[in-house]
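Participant: What follows is a predicted protein model with its sequence.
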Amino acid sequence: MATYEAEAPVVVRDPSEAVPARIARFATRLPVHLFLAFVAILWLMPALGLFLTSLLSPSDFATHGWWKVISSPHLATWANYANVWNNTDIPHALVVTAEIAIGGTILPILIAASAGYAFAWIDFPGRDWLFVAVIAMLVVPLQMGLIPIFTLYNHLGIYDTVLGLILFHTAFGLPFAIFLLRNFFIGIPKDILESARIDGASEIRIFLKLILPLGLPAIASLAIFQFLWTWNDLLVALVMARNTQPITVDIFSQLRQFGSNIDIIAPAAFMSLIIPLGVFFAFQRYFVQGLLAGSVK
Amino acid sequence: MAQVAFERVSKIYPDGTRAVNDINLEIADGEFMVLVGPSGCGKTTALRMVAGLEEISEGVLKIGDRVVNHMPSRDRDIAMVFQSYALYPHLSVYENIAFGLRLKKMSKDEIDQRVKRASSLLGLDDYLKRKPRALSGGQRQRVAMGRAIVREPAAFLMDEPLSNLDAKLRVQMRAEIAKLQTDLGVTTVYVTHDQVEAMTMGDRVAVMRKGEIQQVDDPQTLYDRPVNVFVGGFIGSPSMNMLDAQIVQVNGGIGAQIGDQTIALGAETTEQRPGLKSFEGRRVILGIRPEDLEDAALETDTPAHRTLNGKLELREALGSEIMAHFSIKGAHAETEEMRELAKDAGAEGTEKQIGVRDDEAVIVGRFGARSRIKVGEIVQAVVDTRALHFFDPESGMGIYDSTSPSKGAPS
C-alpha cells in the first residue's frame, strides 16, 4: 500500500552549534543564494518596471524612463491611479473580468469534480472510452473553436455576454480539469469510500463529504490555474464580445496607432496583475501535504 | 441483530475464476464466526459479498430474513471494520465515529450519547478531538471499532482488523474484540489468515481453501477431528507433522509404520477410527501434532512401540518448552494440500533441511522445558497414540468411520 504521509525533511538547527561552523555553512551556500536572488530579481523586473511606470506622470516617464523613480522618489505619484479609478471605465472592466473569471473557475471545477469522481469511482459502461475521449479533447486548440462557437453564440443570442464567455472558458477548461481531478481522486484509498458506503452514505454524500474535502489540494491548484487563465484571457474576449469588455480588452483598446496612454495602461495593468496574485495566496494554504495521512494503515 | 446465511453462494470473475465456489454457511444470531484460510482462499471475497461491496454471481445471501443479493450496502444494516481501518482523514475521531449516525439523521443528543458511550468503552475519551493522523495504530484500530459499534448494526464484518498491528498489541486487541463481541452479542463475521486468531476468537471457525469451505466447527472439534489433511495441517502451530505411513499388523493389533519404525495403535484408536481397519496394508498420511510428542526421558513409562527415535537436528528453546526438530527414516506426505500450506507459510516446496538425507524426514516435537536433549544425539520421543490423525492419501479426507466421510462441511 502506498504511503500517503509525505513528510518534509525537517532541518533541526542545533543552537549549540559553533559559530565558525555556521559561517562556513553560510559561505558554502552563498553562491547558490546569490544565484537565486539574481533569478528572482530578473523575474520580478517586468512587474517592477510596470509598477514604477504607473507611479510616474506621462511626461516624466517619457523624458527619464521608469528607473528614474529609484533615484528620485519624489517623482512618484498616485495621480495615475486616481485618474484611472475616477475617469475611465477600467473599474467596470475589472468587475466584468471578475465575473468572467469567477464563473469561469467555479463552473468547470464543479462539473469536473463530479465527472472526475464518476470516472474514478463509479463503474458504468463505456467509462474508459469516454475518459479517453475527454483526454483527446486536451489536444484540441482553442483557436479552432473560435469561429464555430462564434456562429453558435450568434444563433443562441449569447454573443457579447458574460455568460457566453464563462461557457467558453468552461468548455475549454474542462478536459484538463477532469483529467487532473480524476487522477487525484483515484488516489483516494478505496476503503474509505467503501466504508462510507457501508456507513450509509449515498454517492452524492460521498462526493460532498469525502471527495471534495479530500480533493481540496487538487481543486485548489486547479482553481488557481483556471482563474489565472480566464483572468488574463484576451483572445476569447476579443472574439466573443464587443461591449462586454474585460480588463485585458480595455487595456488593449488604450493602444493607439500613434503613441499609447501609458498613464492609463500602466496602473490598469498593475491592478489587473495584483488581483490574481491575491487569489494565489488565498488558495495556497490548501496545498496541504499529507492530507490523507492517518486514514489507512 | 440477525443471522447471516450463505446458500450456495459463488463469486465468478469475468475471466472465469471462481473466487468463492458454492459455499453454504449459516451464521447464527449473535455468533462469532471466523473465516480462515491461506491468502487467496476467497474469505475476504465472501465477506465483501455480505457487505455488498462485491456482486454475488450465484446463490442467495440472507441477512436476517431478507435476501440481500441486490441490496446496496447502505441498506443492509451492517458495519465493517477494514484491514486498513479506512478512517476519514479530514474528520476528528468524534466525527469519524458519528459519521454513520449523522447520515441516519439522528438527533444531536442521541449521537453525542452514543459516541460518548462508544468512546468510553474503547478508551478513546481523550482523543475525540484528534485527527486520525495523530493517533497510534492501536488507537486508529479502536476508532474503526467505535465507528462500527455506534451504529448498533445487525452484523459486524471484520476484514483482518488486527493484521496491521504489532504482535503484542494484536494479542491485546484480539482479547478486547472478543470480549466486546460477547458483551454486545452482535452477529460477527471475522476474516483472518491467522489460525491462532481464528481459534481464540471464534465461536465457530470456517476453514476455507480455494473458494470452498473445508470444515465449519467449533475450534476444539476443528483441532481434534480435522475433516481433511488441509484442515489438519492448517490448524495448530507449529503445524502437524504429516508423514507417509503404512498401516501394518503389530502383535495382533494394528500399527503405523514410518520408515523402519512402527507405532502400535491401541484399542482406543481403532475404536475411535473404525475406518482404519480397511486401510490395513495400505498407505496413509499420518498426522502427529508436535504437542503429542514428548521426550521419553521426561515420561515415567515408555511403552514399547509407542516411540519414534531420531537424530536431533535443531533445538529451539522457548523457555516454557523446547521445539525439537529431529530426523527419522521415512518421508513427508507430499500432496497438493501440503505444498499449498508450505507455500502459505512462506516455504518453497517441502521443508527439506540442510544436512538431512533424502530418505529422512524432519519432524517437530514440543518437548518439556526440562528435556536435556542435545543436537546430534539420538532422541527418543513418546507418541500420544490417542491423538494421532490419519488421512486417506488419495482423497485427503480424514479416516474416522468405516465409511469415509463425505466431502464438505458437516453442519
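Facilitator: Happy to help now that I have it.
Participant: Residue 113: which element?
Facilitator: This is for chain A. helix A:90-121 (DSSP states H and E).
Participant: Chain B is the one I meant
Facilitator: Assigned by DSSP H and E, B:Q113 falls in helix B:108-122.
Participant: Averaged pLDDT, stretch B:200-210. What do you get?
Facilitator: When pLDDT is averaged over stretch B:200-210, the result is 94.
Participant: again, but for stretch B:386-405
Facilitator: Stretch B:386-405 comes out at a mean pLDDT of 82.
Participant: That stretch: how far from the chain's middle?
Facilitator: 20 Å (Cα atoms, centre = their mean, to the nearest Å).
Participant: Repeat that for stretch B:86-100.
Facilitator: Distance, centroid of stretch B:86-100 to centroid of chain: 32 Å (Cα atoms, centre = their mean).
Participant: Check stretch B:296-316 too.
Facilitator: 29 Å.
Participant: Now do that stretch: everything it contacts.
Facilitator: Residues from elsewhere that reach stretch B:296-316, judged by Cβ atoms under 8 Å, 6 or more residues apart in numbering or on different chains: B:250-251, B:255, B:258, B:261-264, B:293, B:322-328, B:353, B:355-356, B:362-363, B:367-368, B:370-383, B:385. Every C-beta, even on glycine, is put in place using the N, C-alpha and C of the backbone.
Participant: How about stretch A:60-77?
Facilitator: Contacts of stretch A:60-77 (Cβ under 8 Å, 6+ apart): A:G49, A:L52, A:T53, A:L55, A:L56, A:S57, A:I262, A:D263.
Participant: can you tell me which of these are in helices?
Facilitator: Applying DSSP state H to those, the entries found in helices are A:G49, A:L52, A:T53, A:I262, A:D263.
Participant: hmm, back to that, the helix or strand just after the helix holding B:Q113 near chain A anywhere?
Facilitator: Downstream of helix B:108-122, the next assigned helix or strand under DSSP H and E is helix B:137-149. Yes: Helix B:137-149 comes into contact with chain A (Cβ under 8 Å from any Cβ of the partner chain), by way of B:G137, B:R140, B:R147.
Participant: The nearest residue to A:I158 once chain neighbours are set aside: neighbour count?
Facilitator: Excluding the flanking residues, the one nearest A:I158 by Cβ to Cβ, 6 or more residues apart in numbering or on different chains is A:G164, at 4.0 Å. Neighbourhood size, A:G164 [other Cβ atoms under 10 Å in any protein chain shown]: 22.
Participant: what about A:G164, distance to A:R242?
Facilitator: Taking Cβ to Cβ, to the nearest Å as the measure, A:G164 falls 11 Å from A:R242.
Participant: got the buried residues for the helix or strand that contains A:T151?
Facilitator: A:T151 belongs to helix A:142-156 when assigned by DSSP H and E. By 16 or more other Cβ atoms under 10 Å in any protein chain shown, the buried positions in helix A:142-156 come out as A:G145, A:L146, A:I149, A:Y153.
Participant: The last one reaches A:L165, doesn't it?
Facilitator: Okay, so that is A:Y153. No: counting by Cβ atoms under 8 Å, A:Y153 stays clear of A:L165, with 9.7 Å between them.
Participant: quick one: common contacting residues for the two?
Facilitator: A:M240.
Participant: secondary structure class for B:Q215?
Facilitator: Three-state call for B:Q215 (DSSP: H, G, I helix; E, B strand; the rest coil): strand.
Participant: How about B:L61?
Facilitator: B:L61 ends up strand, using three-state DSSP.
Participant: how about the helix holding B:Q113: buried residues?
Facilitator: For helix B:108-122, using 16+ other Cβ under 10 Å, the buried residues are B:I111, B:R114, B:V115, B:K116, B:A118, B:S119, B:L121, B:L122.
Participant: hmm, back to that, buried ones from the contacts of stretch B:296-316, can you make that a ChimeraX selection?
Facilitator: Selection of buried members from the contacts of stretch B:296-316 for ChimeraX, criterion 16+ other Cβ under 10 Å:
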select /B:250,255,258,261,262,263,264,293,322,324,325,326,327,328,362,363,367,371,373,379,380,381,382,383,385
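Participant: before we move on, the earlier item: dump the buried residues of helix A:142-156 into CSV; add pLDDT as well.
Facilitator: Output for the buried residues of helix A:142-156, formatted as CSV (pLDDT from 0 to 100):
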residue, pLDDT
A:G145, 89
A:L146, 92
A:I149, 93
A:Y153, 94
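Participant: Closest one to chain B out of those residues, please.
Facilitator: A:G145 (38.0 Å; Cβ to the nearest Cβ).
Participant: Fine by me, thanks again.
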